[in-house]
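Enquirer: Provided below are the primary sequence and the corresponding predicted coordinates.
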Amino acid sequence: MSSGPSNVLFDDLFTINDIDKEGKKFDRVSRLFAQSSNFDMTLTLDFNVELYPLQQDEKFSFVLASSLARGGPSMGSNTDGEEEDKDRDVWRPDGKGRRGLEEDYEYVMYGKVYKFDGDAGEVVTAYASFGGLLMSLTGSHRHLQNIVLGDPVYLLMRR
């Protein structure tokens, strides 16, 4: 692992414990309940089953990132906005532009962290919305310290 800055806010491997345990409410959306392998985190996530079908007991890699750009936030001086222009087109639907983190994953969503629960306790929950598809990630505050309330976030998944 590199010691430089990174856009990755959280990264772990999860195993799906259940899907739609409270009943299916929408045709194309399911809610998964998963437990992480490394950090003892609990994840609840709404996902599009047509785009990314998942099943109980399946394992997947889960990443939250502040940007799709590889290598972390730009450091140093920024003369005439050249660096800013390069980062603007990290992902483009026409396939042009630089390749980012999305190239390594099968399912990507963009959203916003809208709530934190946990006051000053050891266990906290971060909530994010991805165009109405909701996520809650619960666990030790040490693993969620890079996630900031109100910030935009990318969710990336792969099997």
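Expert: Structure received. Numbering: from 1, shown residues only.
Enquirer: who are the contact partners of the nearest residue to Met157 once chain neighbours are set aside?
Expert: Once flanking residues are discounted, Met157 sits nearest to Tyr107: 4.3 Å by C-beta to C-beta, 6 or more residues apart in numbering. Bear in mind the C-beta positions are built from the backbone N, C-alpha and C, glycine included. Shown in contact with Tyr107 (C-beta atoms under 8 Å, 6 or more residues apart in numbering): Phe47, Leu51, Tyr52, Leu156, Met157, Arg158.
Enquirer: what's the pLDDT at Tyr107?
Expert: According to the prediction, Tyr107 has pLDDT 93.
Enquirer: now do it against Glu50, distance only.
Expert: According to C-beta to C-beta, to the nearest Å, Tyr107 and Glu50 sit 11 Å apart.
Enquirer: for Ala34, list each beta-bridge partner.
Expert: Applying DSSP bridges to Ala34 gives these bridge partners: Ile16, Leu43.
Enquirer: show me what contacts it?
Expert: Taking C-beta under 8 Å, 6+ apart, we find Ala34 in contact with Phe14, Thr15, Ile16, Asn17, Thr42, Leu43, Thr44, Leu45, Phe60, Phe62.
Enquirer: that concludes my questions; thank you for your assistance.
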